[in-house]
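*Asks:* After the sequence you'll find the predicted model.
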Amino acid sequence: MTDRLLERLQTHLQALVGERHPVSFPEALKRAEQYLAEQFRRLGLPVSLHPFDALDGTYYNVVAALSPSASAGLPASQEGAPLLIAAHYDTVPNSPGADDNASGLAIMLEVAHRLRGLPLSREVQFVGFSLEEMDLVGSLAYAAHLRAGHRSIRGAIVLECVGYTRAEQGSQRVPPGLPIPVPSIGNFLGIVGNVASAELATAVERSANQAVPDLKTVSFLVPGQGEQFPDTRRSDHAAFWAYGYPAVMLTDTANFRNPHYHQPTDTLETLDLRFMEQVASAVTASVIRLAGRE
């Protein structure tokens, strides 16, 4: 890991870690929204705010777009359906949310940094969702907005708790009823999709394995929208499933590995920056496979 990469990840994490809740710390939630928008603008990406109503107020998803015309000189008529990279920026009360989900936000920003100037065949959208912890309100509003506008997407790659690892035997627990073998050491990246997202999940897994062979991955495809396995639905990817869009969640498995999940102890010091760098490389490779020009 280079010093500059480490500095970028730490800078984002230091800016974002802290309770970001619409009721207990609305100011911090707003600062996170503004930070994401500012960082994307610094990368030269146009930013828009997608508003939605909740909790007797208006909240915003932050959307930045990297277009083929900006990176490869392609006319708009040649652009395909966009690929989405997403992470949520709110927290539960009483938790600084380092793993959940400043880790996902920092990796999303790092991927945007790496993709600048690369030739793309389709638009890549980076989306920071608000109110994920309030039953996916923000991502459901965004997916509904896409469906209402009859808009297609190449797929959504959702980053959810992607910064925590353990090296001890028995450090990884398994969600109830999961019908696949899972390592007992918590140092792998989970890739969760539904059957309708199988092609997207396979592309992400192959890209990760080829680009970052040291990064262990475990994939699982659920039938339908994951109704039989509720623990596979606990992030914004499920909002896209609800509207018939392909989506996958990348995760360190949250509470099935991380004892600090949703706790006051979910702090920056608990994160594995090397693992985060590997995930950033895997996501970057996935974007190049799914949205890059041959």
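*Replies:* Arrived safely. Numbering: from 1, shown residues only.
*Asks:* hey, let's count contacts and neighbours off CA atoms from now on
*Replies:* OK.
*Asks:* And for residue 227, the neighbour number?
*Replies:* Using other Cα atoms under 10 Å, residue 227 is surrounded by 11 other residues.
*Asks:* Find me the pLDDT at the residue lying closest to it once chain neighbours are set aside, would you?
*Replies:* Nearest non-adjacent residue to residue 227, counting by Cα to Cα, 6 or more residues apart in numbering: residue 233, 7.9 Å away. Model confidence at residue 233, given as pLDDT, is 97.
*Asks:* for residue 170, same thing?
*Replies:* Residue-level confidence at residue 170 comes out at 98, pLDDT.
*Asks:* Equivalent analysis for residue 3, please.
*Replies:* For residue 3, pLDDT reads 84.
*Asks:* cool, and residue 211?
*Replies:* At residue 211, pLDDT is 98.
*Asks:* and if you look at the one 4 residues further on?
*Replies:* As predicted, residue 215 sits at a pLDDT of 98.
*Asks:* ok, now residue 243?
*Replies:* Listed pLDDT for residue 243 reads 98.
*Asks:* Next: residue 69.
*Replies:* For residue 69, the pLDDT comes out at 53.
*Asks:* Which parts of the stretch 151-294 of the chain are strands?
*Replies:* Under the criterion DSSP state E, counting those that start in this stretch, the stretch 151-294 of the chain carries strands at the ranges 155-160, 189-194, 217-222, 247-251.
*Asks:* Now render those strands as TSV, adding mean neighbour count and distance to residue 288.
*Replies:* Converted to TSV, these look like this (neighbours: other Cα atoms under 10 Å; distance: least, Cα to Cα, whole Å):
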stretch	mean neighbour count	distance to residue 288
strand 155-160	26	13
strand 189-194	25	18
strand 217-222	18	19
strand 247-251	27	16
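*Asks:* thinking again about what came up before, so what's the residue nearest to residue 227 up against?
*Replies:* Shown in contact with residue 233 (Cα atoms under 8 Å, 6 or more residues apart in numbering): 225, 226, 227.
*Asks:* so how far is residue 135 from the first one?
*Replies:* Same thing as residue 225. To residue 135, residue 225 is 15 Å away according to Cα to Cα, to the nearest Å.
*Asks:* So if I had to pick from those two, which one is more boxed in?
*Replies:* residue 225 (23 against 13).
*Asks:* Show the pLDDT at the more buried one.
*Replies:* Here, the pLDDT recorded for residue 225 equals 97.
*Asks:* What's the end-to-end length of stretch 165-178?
*Replies:* One end of stretch 165-178 sits 20 Å from the other (Cα to Cα).
*Asks:* typo on my end, stretch 147-162
*Replies:* First residue to last in stretch 147-162 (Cα to Cα) measures 28 Å.
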